[in-house]
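# Below is the structure, and that's it, no one-letter string:
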């Protein structure tokens, strides 16, 4: 896991080998046990690769690890990425930087309506968008960190979401669907229908926290408490 800080705000990357690094405006390099590094670039240097899956914390403009996302947009190894996040940010901010740089192959998100460039890319067949209920995304991330491979939820039951057919990718000619969502497994519990959802682990998870120490313990405050704690578990 990595913890990254810019000015007074902290950004955290969690990866599966549970190594932790941080970057800060104040150097902690003198401490032998510190996991702080000098920059976001260094924090990302050996964990990003073509085709990586990245879970990203934040909602809208709140709690978004923008310093790390800005660096990702400039990283040569960041390509053909699969990104999971509650929302898609806006043009030229947060995830919008990655879309503009052509870094993302597939986006898993709930609300994408504030990003005009993403809409153009989606309907132009330049990106895959997997629409998923917002709470389901957070729950899938949390399940990944809890060792739960799958779970059942009522969200989306009896709709096109569970029945399949939502456009994920269009052909570049516009209008025709190249990839559509598949039907999801459902099951009845106490007379109600539930949809089975698989957990959502990632190669890398990036989050934003209010405060951190050199051992990687984080405090989330305000809007950073939206999906960041769940996201932090999933990498």
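Received the coordinates, thanks. None of these values were measured; they are calculated from a predicted model. Residues are numbered from 1 along each chain as shown.

# surely residue 149 meets residue 201?
No: taking contacts as C-beta atoms under 8 Å, residue 149 lies outside contact range of residue 201: 9.5 Å. (C-beta placed from N, C-alpha, C; glycine too.)

# Looking at those two now, which is surrounded by more residues?
Neighbour totals were compared for residue 149 and residue 201, and residue 201 leads with 19 against 9 (other C-beta atoms under 10 Å).

# which residues touch the more buried one?
By C-beta atoms under 8 Å, 6 or more residues apart in numbering, the contact set of residue 201 is 16, 53, 144, 234, 235.

# Quick one: low-confidence residue ranges for the protein.
Flagging of the chain using pLDDT under 70 yields the residue ranges 1-32, 35.

# ranges for the helices of it?
Listed in chain order, the helices found in the chain under DSSP state H are 40-44, 66-74, 95-100, 116-123, 134-146, 160-163, 228-233.

# if you compare the ones you listed, which one is most tucked away?
helix 228-233 (a mean of 24; mean count of other C-beta atoms under 10 Å).

# Quick one: distance of it to the chain centre.
Centroid separation for helix 228-233 versus its chain: 10 Å, with C-alpha atoms, centre = their mean, to the nearest Å.

# could you say what helices and strands that helix packs with?
With contacts taken as 3 or more C-beta pairs under 8 Å, 6 or more residues apart in numbering; DSSP states H and E, helix 228-233 sits against strand 9-15, helix 134-146, strand 204-209.

# right, and the ones you listed - which one's nearest residue 106?
Residue 106 lies closest, by C-beta to C-beta, to one member of the helices and strands packed on helix 228-233: helix 134-146, at 13.5 Å.

# Show residues contacting the closest one.
By C-beta under 8 Å, 6+ apart, helix 134-146 touches 55, 84-86, 108-111, 132, 149-151, 153, 155-156, 197-202, 205, 227, 230-234.
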